[in-house]
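> need a structure here:
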Amino acid sequence: MAGVIQRLTLRSIAQKACYNILCSETGIGNTEYNNVNTFYAGYITAQIPGHYLMQRFPLGKFVSLSILLCGSPYLFVSIIFLHCTATSYGALIPLRVLPGFFESVLVPSMEVTMSMFFTPAESIRLQPIFWISCPAAPIPAGFIAYGLLRVSHPTILPWKFFMIIMGGITFFIAMGSWFWYPDNPAKARFLTLEERVQAIRRVHAATRSAIEQKTFKRYQLVEALRDPVSWLFFSAALFLMLSNNLVFQQSLLFVSIGVSRLGSTLVSAAGGSFSIVCSVLGTLGFLWCLPAIEGGIGMVALPWDATLSLLACMLLAGSTFGATYIIALGIANFVSPQIWVARDAPRYYGAWIAQIIISWVAAPACMLAVHWILTRKNTERRAWIAVQEEAGHRPAGLVEQVDEHGDIVKVEVDISLLDLTDLENKCLISQL
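You can find the predicted model right below:
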């Protein structure tokens, strides 16, 4: 639910049914509409302070407060509600930066929570379900917008009422997460004591690592920056998310190929349903970019008057490009609106070709490279572990502790408690 709300607030400015009224009210055109994605300027800026705070505070309360600040009345400041007061392009800019700032660490926080409760093998199967929150957002948003547009002579403009509804929903979700979102398995209220112990043990047995880390170590950051796998993941996310602005451009493309403004709200809901199916099938990994490639080619090659065919290609291309990685996501989404140049309308050949080559070909190539590197590393580590087991060596380490007499002594502990990196912990086997 937190993921769906995050995506609803993100899509609020781009809701198809409200777009034309929003433009007339604030005086923005296509270029300004693209630039309103300053949401991701806040998203990128808040990564470092956000991750620091995520380590310093209880995770459940941190997630709840982030949701609350993002879109609900908190200390009389409501970012989503305040969208209703915007009457100019300049007023919209800060109102898009602030939600990005507060939402920036929600996805990392929820990913951390998932890694605490599920083994890597389970996470692989659950990730597509988790990311259903992204394509699911257009379904309630589309029906809400459709209902608002059916109102004749409304006292409050539809796009403003849409923001009010989003703010209200966000408030109640934030309240629920404050009481129920767990910091870690040991504090999960919905589990019994025995279930909490089992949850910790099973993740520990599968990963041989601790469930939660609270200390930032500079050398670990340096190691991550020197690891080619880190840069391949970053590149894959950066390339893939270059096509993410297609979600927002669809509001304009639907209308340009002949779909009515009212009808586009229902099309967006249908597209969200199709995207959910795509997310479930997303376990096919890099192969799932193939339908996106086909959809992109169709948007370039098909005649402009083939409305139904173009609509199918657009939904196919916009629903299958998968999940992201946070910093690259922010950078790519900050840049991606600029490939939709107004002078290229309505076909946008340059944008479609860029997405086909960079997002749906280069990104899977990066992931194939990651798979090859980690497969080779796993083979080497399994051989090393077998040698250690034959020699009777148990993976362990020494830590300094203060005994009951106040003396510093060295105690042998399991290697998973040493807060080692992937390169340092030779017992770590990457789940592929």
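
> Which SSE is immediately downstream of the helix or strand of the chain with the lowest mean pLDDT?
Least confident helix or strand of the chain, by mean pLDDT, DSSP states H and E, is helix 307-318 with a mean of 45. Once the chain leaves helix 307-318, the next helix or strand it forms, by DSSP states H and E, is helix 326-335.

> average pLDDT for that following helix?
Taken as a whole, helix 326-335 has a mean pLDDT of 72.

> what packs against that helix?
The elements that helix 326-335 packs onto, with contact taken as 3 or more Cβ pairs under 8 Å, 6 or more residues apart in numbering; DSSP states H and E, are helix 39-45, helix 47-56, helix 228-240. From N, CA and C alone the C-beta is placed, and that goes for glycine too.

> For the longest one, which helices and strands make contact with it?
Using 3+ Cβ pairs under 8 Å, 6+ apart as the contact criterion, the neighbours of helix 228-240 among helices and strands are helix 326-335, helix 363-390.

> what would the helices and strands packed on helix 326-335 look like in JSON lines with mean neighbour count, mean pLDDT and distance to Gly167?
Below are the helices and strands packed on helix 326-335 laid out as JSON lines (neighbours: other Cβ atoms under 10 Å; pLDDT from 0 to 100; distance: least, Cβ to Cβ, whole Å):
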{"stretch": "helix 39-45", "mean neighbour count": "21", "mean pLDDT": "70", "distance to Gly167": "16"}
{"stretch": "helix 47-56", "mean neighbour count": "15", "mean pLDDT": "70", "distance to Gly167": "22"}
{"stretch": "helix 228-240", "mean neighbour count": "19", "mean pLDDT": "85", "distance to Gly167": "30"}
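
> Out of those helices, which is closest to Arg196?
helix 47-56 (21.4 Å; Cβ to Cβ).

> ok, so what distance separates the closest residue to Met241 other than its chain neighbours from Ala137?
Excluding its sequence neighbours, the residue lying closest to Met241 (Cβ to Cβ, 6 or more residues apart in numbering) is Ala332, at 3.4 Å. Ala332 is 19 Å from Ala137, where distance means Cβ to Cβ, to the nearest Å.

> Out of the helices and strands packed on helix 326-335, flag the one nearest Arg125.
Taking the helices and strands packed on helix 326-335 one by one with Cβ to Cβ, helix 228-240 is closest: 19.7 Å.

> got the angle between that closest one and helix 326-335?
30 degrees (axes from the mean of the first three to the mean of the last three Cα atoms, to 10 degrees).

> can you list the weak-confidence ranges in the stretch 151-300 of the chain?
Along the stretch 151-300 of the chain, segments meeting pLDDT under 70 span 206-217, 247-248, 251-252, 255, 261-262, 264-265, 278-300.

> tell me the helices in it, going along the chain?
For the stretch 151-300 of the chain, the helices defined by DSSP state H, counting those that start in this stretch occupy 158-180, 193-207, 218-226, 228-240, 246-256, 261-280, 289-301.

> Deepest in the core, which of those is it.
helix 246-256 (a mean of 22; mean count of other Cβ atoms under 10 Å).

> what is the rounded mean pLDDT of the one helix or strand Gly90 maps to?
Assigning secondary structure by DSSP H and E places Gly90 in helix 89-103. Taken as a whole, helix 89-103 has a mean pLDDT of 72.

> quick one: that helix to helix 326-335, angle?
Angle between the axes of helix 89-103 and helix 326-335 is 170 degrees (criterion: the same axes, to 10 degrees).

> Could you list the buried residues of helix 89-103?
Buried residues in helix 89-103, counted by 16 or more other Cβ atoms under 10 Å: 89, 92-93, 95-103.

> Low-confidence ranges, the stretch 301-432 of the chain, go.
Ranges of the stretch 301-432 of the chain meeting pLDDT under 70: 301-327, 330, 395-403, 411-419, 432.

> give me that answer again for 80
301-338, 340-347, 388-389, 391-432 (pLDDT under 80).

> Alpha carbons only: can I get the helix holding Gly90 in PDB?
As requested, the backbone C-alpha atoms of helix 89-103 are provided in PDB (Å, rounded to 0.1, in the frame of the first residue of the first chain):
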ATOM      1  CA  TYR A  89       4.600  27.400 -13.400                       C
ATOM      2  CA  GLY A  90       7.000  28.800 -10.800                       C
ATOM      3  CA  ALA A  91       4.700  27.700  -8.000                       C
ATOM      4  CA  LEU A  92       4.600  24.100  -9.200                       C
ATOM      5  CA  ILE A  93       8.400  23.700  -9.200                       C
ATOM      6  CA  PRO A  94       8.900  23.700  -5.400                       C
ATOM      7  CA  LEU A  95       5.800  21.600  -4.900                       C
ATOM      8  CA  ARG A  96       7.300  18.900  -7.100                       C
ATOM      9  CA  VAL A  97      10.800  19.100  -5.500                       C
ATOM     10  CA  LEU A  98       9.600  18.600  -2.000                       C
ATOM     11  CA  PRO A  99       7.600  15.300  -2.600                       C
ATOM     12  CA  GLY A 100      10.700  13.900  -4.300                       C
ATOM     13  CA  PHE A 101      12.900  14.900  -1.300                       C
ATOM     14  CA  PHE A 102      10.600  13.000   1.200                       C
ATOM     15  CA  GLU A 103       9.900  10.000  -1.100                       C
END
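
> Mind giving me the packing neighbours of that helix?
Helix 89-103 packs on helix 2-11, helix 19-26, helix 39-45, helix 59-71, helix 79-82, going by 3+ Cβ pairs under 8 Å, 6+ apart.

> returning to that earlier point: distance to Arg218 and mean neighbour count added to the helices and strands packed on helix 228-240, as JSON lines?
As requested, the helices and strands packed on helix 228-240 are exported to JSON lines (distance: least, Cβ to Cβ, whole Å; neighbours: other Cβ atoms under 10 Å):
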{"stretch": "helix 326-335", "distance to Arg218": "18", "mean neighbour count": "20"}
{"stretch": "helix 363-390", "distance to Arg218": "24", "mean neighbour count": "14"}
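
> Let me have the ones you listed in CSV, adding distance to Glu404 as columns.
CSV is the format used below for the helices and strands packed on helix 228-240 (distance: least, Cβ to Cβ, whole Å):
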stretch, distance to Glu404
helix 326-335, 44
helix 363-390, 33
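
> looking at this, Val409 is in a helix?
No - counting by DSSP: H, G, I helix; E, B strand; the rest coil, Val409 falls outside a helix, being strand.

> Now do it against Leu420, distance only.
21 Å.

> what about these two, which has more around it?
Neighbours were counted for Val409 and for Leu420 using other Cβ atoms under 10 Å; Leu420 has more, 18 against 11.
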